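Novice: Sharing a sequence plus its predicted fold:
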Amino acid sequence: MVNNIEVIKMTKEHLDSVMVIENLSFKIPWSRSAFIDELTTNQMAIYVVAVSGNEVIGYGGLWKIFDEGHITNIAVHPEFRRCRAGSRIMDKLLEVCELNGVRNLTLEVRKSNLPAIKLYENYGFKAEGVRKGYYSDTGEDALIMWRYQG
């Protein structure tokens, strides 16, 4: 059972939990040092965590590049999937985008990741291209999805 989910700014204190989720969610996970770089040196990076009680159950991030955003990753701990944590993370990222003047958003997603594609489509993202062989672990293609604000 999930208590209320709050989405807050990610800090280095969240990284132990984020790394557990990262390793459970991705075949080629980001390193801890990659997340530290995102949080401490990448001035374009914005990262959030979904918290239920005192437990980090998911996270998401994006890069703000002028008036565009590139969603880098969204992941929810497998035990907490299907409880709207991914939607809450998307809501927060979109709120942050609006506050920071981000008009359009893009992302890449595995063609086989139907739950993620459905989530993104629910937020107005549309597939507009393919990156052939994008994922080095399997050679799978990535869909390039965009969401335009006008």
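Specialist: The structure has been received and is ready for your questions.

Novice: When you work out contacts or count neighbours from here on, use the C-alpha atoms and nothing else.
Specialist: Noted.

Novice: Could you pick out the longest strand of this protein?
Specialist: Looking across the chain with DSSP state E, the single longest strand is strand 55-65.

Novice: What strands flank that one, and is each parallel or antiparallel?
Specialist: When pairing is defined by DSSP bridges, strand 55-65 lines up against strand 45-52 (antiparallel), strand 68-76 (antiparallel).

Novice: I would like the residues contacting it, please.
Specialist: Contacts to strand 55-65, defined as C-alpha atoms under 8 Å, 6 or more residues apart in numbering, come from residues 10, 14, 17-18, 21, 44-51, 69-77, 80, 85-86, 89-90, 93, 97, 102.

Novice: Which PyMOL command selects the buried ones in the residues you listed?
Specialist: The buried subset of the contacts of strand 55-65, as determined by 16 or more other C-alpha atoms under 10 Å, is captured in PyMOL by this line:
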select buried, resi 10+14+17+18+21+45+46+47+48+49+50+51+69+70+71+72+74+75+76+77+85+86+89+90+93+97+102
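
Novice: shaky segments in the chain?
Specialist: 1, 150 (pLDDT under 70).

Novice: Would you map the strands across it?
Specialist: Counting by DSSP E, the strands of the chain are 5-9, 45-52, 55-65, 68-76, 104-110, 126-131, 142-148.

Novice: before we move on, the earlier item: using JSON lines, lay out the strands paired with strand 55-65 together with distance to residue 39.
Specialist: Shown next, in JSON lines, are the strands paired with strand 55-65 (distance: least, C-alpha to C-alpha, whole Å):
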{"stretch": "strand 45-52", "distance to residue 39": "7"}
{"stretch": "strand 68-76", "distance to residue 39": "13"}
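
Novice: List just the one of those that sits closest to residue 114.
Specialist: Residue 114 lies closest to strand 68-76 among the strands paired with strand 55-65, at 13.9 Å (C-alpha to C-alpha).

Novice: From the chain's centroid, how far away is the closest one?
Specialist: Centroid displacement of strand 68-76 relative to its chain, using C-alpha atoms, centre = their mean, to the nearest Å, is 3 Å.

Novice: cool, and stretch 28-39?
Specialist: So, by C-alpha atoms, centre = their mean, the centroid of stretch 28-39 is 13 Å from its chain's centroid.
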